[in-house]
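1. Build me a structure from this.
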Amino acid sequence: MTKYARDEFDRVPETSSRQGVHRVASDAPRRRLAPILAVGVLALAIGVVAFLFLPKLGFAPSGSPLLAAGSALESPSASPSAETPESTASQSAEPSAEPSATPAATEALANSGTPSTAPDEEAPAVDKSQPVAVYNGTTTAGLAGRVSSTVSADGWTLGPVGNWGGMPQQSSVIYYSGAEQKANAEALGELLNITALVDSADFQQPVVVVLGPGFQ
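-> So this is what the prediction gives:
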């Protein structure tokens, strides 16, 4: 026997099979999935329609992959038509340019100044058979003989050799008679290191070398 007083919870019918106090179990509320599924199916349908039909109607955004793919598909078909006129123009221009350039080049060669650059008269060649007179215009004894030996050793024909009897010379000079003797005077000037060349008809010899002070 319990030592606690009886209360209302101890009043259980004798015919009842339950023992203790029990609450009526209520069914758990069922979630309604039908509206959620309907909304999902509707959203999927809208997405499919937008993906398939809106680009064809021109509503795709400028930066969308669909528009980029469409432009990429259209560009190969447009490029051949754009390149064809250029290639045709280049092919038509090349044949016309080449024949026109060939006669022009031929005419330029025909009118070139190459033949006219040749001198009408060739410059006179060095003639070492012409006699060369050598005169000493310095106080150095034997200078004319030494220089005449150099001239003769170079293959020149010697003329008179002696002391200079004309006006005193300030430097060495080579006198030549006429333009036909200028080449001979230049050759002798290079041989004797004399730069002063004078065209003169006062001498009987075609080329006269006058050695002046300072001649080495």
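
2. lowest confidence element among the helices and strands of this protein?
-> Least confident helix or strand, the chain: helix 65-110 with a mean of 48, by mean pLDDT, DSSP states H and E.

3. Show me which residues of the following helix or strand past that helix are buried.
-> Scanning forward in sequence from helix 65-110 by DSSP states H and E, the next helix or strand is strand 131-136. Within strand 131-136, the residues scored as buried using 16 or more other Cβ atoms under 10 Å are 132-136. In short, each C-beta sits where N, CA and C put it, glycine included.

4. Start and end of stretch 176-183, how far apart?
-> Across stretch 176-183, the terminal residues are separated by 9 Å (Cα to Cα, to the nearest Å).

5. Now do that stretch: everything it contacts.
-> Stretch 176-183 is contacted by residues 123-127, 130, 184-185, 197-201, 203, 205-208 when judged by Cβ atoms under 8 Å, 6 or more residues apart in numbering.

6. Which of those are buried, as a PyMOL select command?
-> Buried members of the contacts of stretch 176-183, defined by 16+ other Cβ under 10 Å, are picked up in PyMOL with:
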select buried, resi 130+184+185+197+203+205+206+207+208
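
7. Who are the contact partners of residue 126?
-> Contact analysis of residue 126 by Cβ under 8 Å, 6+ apart lists 183-184, 187.

8. Looking at these, spot the one nearest residue 172.
-> Closest approach between the contacts of residue 126 and residue 172, by Cβ to Cβ: residue 187, at 15.4 Å.

9. Confirm the closest one sits in a helix?
-> Yes: using DSSP: H, G, I helix; E, B strand; the rest coil, the assignment for residue 187 is a helix.

10. From residue 181, how far out is it?
-> According to Cβ to Cβ, to the nearest Å, residue 187 and residue 181 sit 10 Å apart.

11. Neighbours of the closest residue to residue 170 other than its chain neighbours, how many?
-> Excluding the flanking residues, the one nearest residue 170 by Cβ to Cβ, 6 or more residues apart in numbering is residue 212, at 6.2 Å. Around residue 212 there are 18 other residues, counting by other Cβ atoms under 10 Å.

12. so who does residue 212 touch?
-> Here residue 212 is in contact with 137-138, 169-173 (Cβ under 8 Å, 6+ apart).

13. Just say helix, strand or coil for residue 201.
-> Of the three states, residue 201 takes coil under three-state DSSP.

14. Could you pull up the contacting residues of it?
-> By Cβ under 8 Å, 6+ apart, the contact list for residue 201 reads 177-178.

15. separation between it and residue 132?
-> 17 Å.

16. So the spatially closest residue to residue 131 that is not a sequence neighbour, which state does it fall into?
-> Nearest non-adjacent residue to residue 131, counting by Cβ to Cβ, 6+ apart: residue 159, 3.5 Å away. Put simply, residue 159 is strand when judged by three-state DSSP.

17. Look up how far residue 126 lies from residue 159.
-> 16 Å.

18. Also residue 44?
-> Shown here: residue 44 relative to residue 126, a distance of 110 Å by Cβ to Cβ.

19. Quick check on the closest residue to residue 203 other than its chain neighbours: phi, psi?
-> Among residues not flanking residue 203 along the chain, residue 175 sits closest, at 5.8 Å (Cβ to Cβ, 6+ apart). For residue 175, the backbone dihedrals (degrees, to the nearest 10) come out as phi -100, psi 140.
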